[in-house]
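Undergrad: Sequence and computational prediction follow.
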Amino acid sequence: MKIVKADKLKEAEIKEVKEEEVKEEKKPEIVPEKINDKKPVKTFLLVFFLGLLLGGVLTGGIGFYYYTFYYMKGKVVQDIAVTPTPTEILSPIPEKTIQEIDYSKYTVQILNGSGVAGVAGKVKELIVPLGFENIETGNAEKLGFTQTEIQLKEGVPDEVYEKVVEKLTDYEVTKSGVLDETEEYDLIITVGVRE
């Protein structure tokens with residue numbers, strides 16, 4: 001009986017080997033992928049059009065260069081040589097004549113509006129070097145002026161006001177109005193508190 005068992009074992013082993021061979025044979029075959037016939041055509045067309053575009057750009061650039069530097073160079077030189085340039089003759093600007101102001105013809109009243117004694121006299125000393133000769137000092141009807149106010153008659157030039165302001169550097173000066181033509185003084189300065 002031992003022999004029968006060995007035969008049965010061999011048959012079983014042979015069967016297993018055969019089954020494995022059948023399984024190996026049934027494995028799917030590897031089929032190469034189909035080659036896409038359109039890909040080379042698309043690639044060729046893309047390369048062709050890019051080459052055509054690059055060639056066009058190069059040709060246009062060379063043409064522009066030739067046109068600009070060779071063809072137009074002669075024309076620009078001709079145009080410049082032919083076109084006359086208009087010249088403008090400048091006339092001298094007349095200088096502003098500086099008129100000397102005669103301060104002695106203006107009458108001035110200086111009023112102390114600050115309430116501090118002697119302020120009107122100090123302002124008189126500041127403006128006398130300008131040439132004023134007829135200057136009177138006094139007190140304002142009301143006190144407490146914080147700014148120095150200057151009033152002028154209509155005919156008094158602005159330069160007179162400007163020169164007085166230049167002399168009163170320690171005061172905040174404002175132009176407060178126009179004096180009536182019937183006023184006795186051409187210029188009234190009401191002195192306020194010093195800055």
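TA: Right, received. Where do you want to start?

Undergrad: Just checking, which helix or strand of this protein averages the lowest pLDDT?
TA: Across the helices and strands of the chain, the lowest-confidence element by mean pLDDT, DSSP states H and E is helix 72-82, at a mean of 55.

Undergrad: Domains in this protein, by residue range?
TA: 37-82, 103-191 (automatic domain parsing).

Undergrad: Can you check the distance spanned by the longest one, start to finish?
TA: In this case it means domain 103-191. Counting by C-alpha to C-alpha, to the nearest Å, you get 20 Å between the two ends of domain 103-191.

Undergrad: ok, now which ones touch the residue nearest to Tyr106 when sequence neighbours are not counted?
TA: Distances taken as C-beta to C-beta, 6 or more residues apart in numbering place Asp186 nearest to Tyr106, at 4.3 Å, with adjacent residues excluded. Just so you know, the C-beta spots here come from the backbone N, C-alpha and C atoms, and that holds for glycine as well. For Asp186, the contacting residues are 106-108, 152-153, 155-156, 179, by C-beta atoms under 8 Å, 6 or more residues apart in numbering.

Undergrad: if we can go back for a sec, check which element follows the least confident helix or strand of the chain along the chain.
TA: Helices and strands here follow DSSP states H and E; after helix 72-82, the next one along the chain is strand 107-112.

Undergrad: If you average the pLDDT over that next one, what comes out?
TA: Per-region confidence: strand 107-112 scores 94 on mean pLDDT.

Undergrad: Same question for stretch 88-104.
TA: If you average the pLDDT values across stretch 88-104, you get 72.

Undergrad: end to end, how far does it reach?
TA: Stretch 88-104 stretches 47 Å from its first residue to its last (C-alpha to C-alpha).

Undergrad: related to what we said a few turns ago, worst mean pLDDT among the domains of the chain?
TA: Among the domains of the chain, domain 37-82 has the lowest mean pLDDT, at a mean of 76.

Undergrad: hang on, the earlier thing: separate out the buried members of the contacts of Asp186.
TA: Buried members of those, counted by 16 or more other C-beta atoms under 10 Å: 106-108, 152-153, 156, 179.

Undergrad: Now do the same contact list for Tyr185.
TA: Counting by C-beta under 8 Å, 6+ apart, Tyr185 touches 107-109, 136, 179.

Undergrad: need the strands for this protein, in chain order.
TA: For the chain, the strands defined by DSSP state E cover 107-112, 134-139, 148-153, 173-179, 187-191.

Undergrad: Tell me the strands beside the last one, with direction?
TA: Going back to what we said before, that points to strand 187-191. Applying DSSP bridges, strand 187-191 is found paired with strand 107-112 (parallel), strand 148-153 (antiparallel).

Undergrad: I'd like to know which of those is closest to Gly131.
TA: strand 107-112 (11.0 Å; C-beta to C-beta).

Undergrad: Throw the strands paired with strand 187-191 into CSV and include distance to Val128, thanks.
TA: Listed next are these as CSV, based on distance: least, C-beta to C-beta, whole Å:
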stretch, distance to Val128
strand 107-112, 10
strand 148-153, 16
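
Undergrad: Many thanks, we can stop here.
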